[in-house]
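>>> Just the structure for this:
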Amino acid sequence: MVLIRESQTMLEINLAVETRDEKRLKELIDKYRGLVKDYIEKLSGKVP
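Here you go, the predicted model:
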């Protein structure tokens, strides 16, 4: 399970990941952290 949401109290995005497998956990964190980072960069105009 992956949940991405904005913080209600701070200027940040929260990423919550749950899985039974430690290897899969790291894979999901890396994947979704990268997707969020790319999306933010695209919105901020840093990526063409």
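>>> what's the strand or helix carrying Lys42 packed up against?
Using DSSP states H and E, Lys42 sits in helix 22-44. Counting contacts by 3 or more Cβ pairs under 8 Å, 6 or more residues apart in numbering; DSSP states H and E, helix 22-44 packs against strand 2-6, strand 13-17. Any C-beta I mention is one placed from the backbone N, CA and C, and that applies to glycine too.
>>> Not counting the last one itself, show me its contacts.
Contacts of strand 13-17 from elsewhere in the structure, counted by Cβ atoms under 8 Å, 6 or more residues apart in numbering, are 1-7, 25, 28-29, 32-33, 36, 40.
>>> And for the first one?
The list of residues contacting strand 2-6 from outside it, by Cβ under 8 Å, 6+ apart, reads 12-17, 28, 32, 36.
>>> what about 6 Å?
With contact meaning Cβ atoms under 6 Å, 6 or more residues apart in numbering, strand 2-6 is reached by 13-17, 28, 32.
>>> Keeping just the C-alphas, turn it into CSV.
Taking C-alpha atoms only, strand 2-6 is exported to CSV below (Å, rounded to 0.1, in the frame of the first residue of the first chain):
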residue,chain,number,x,y,z
VAL,A,2,1.3,3.4,-0.9
LEU,A,3,-0.3,6.7,0.3
ILE,A,4,0.9,10.1,-0.9
ARG,A,5,-0.7,13.2,0.7
GLU,A,6,0.1,16.8,1.5
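>>> I'd like the distance from it to the chain centre, please.
Relative to the centre of its chain, strand 2-6 is centred 7 Å away, using Cα atoms, centre = their mean, to the nearest Å.
>>> distance of the spatially most central residue of the chain from Leu3?
Nearest to the mean C-alpha position of the chain, counting by Cα atoms, centre = their mean, stands Arg33 at 3.5 Å. Using Cβ to Cβ, to the nearest Å, Arg33 is found at 13 Å from Leu3.
>>> ditto for Glu41
In terms of Cβ to Cβ, Glu41 sits 21 Å off from Leu3.
>>> Look up how far Gly45 lies from Tyr32.
Distance, Tyr32 to Gly45, using Cβ to Cβ: 22 Å.
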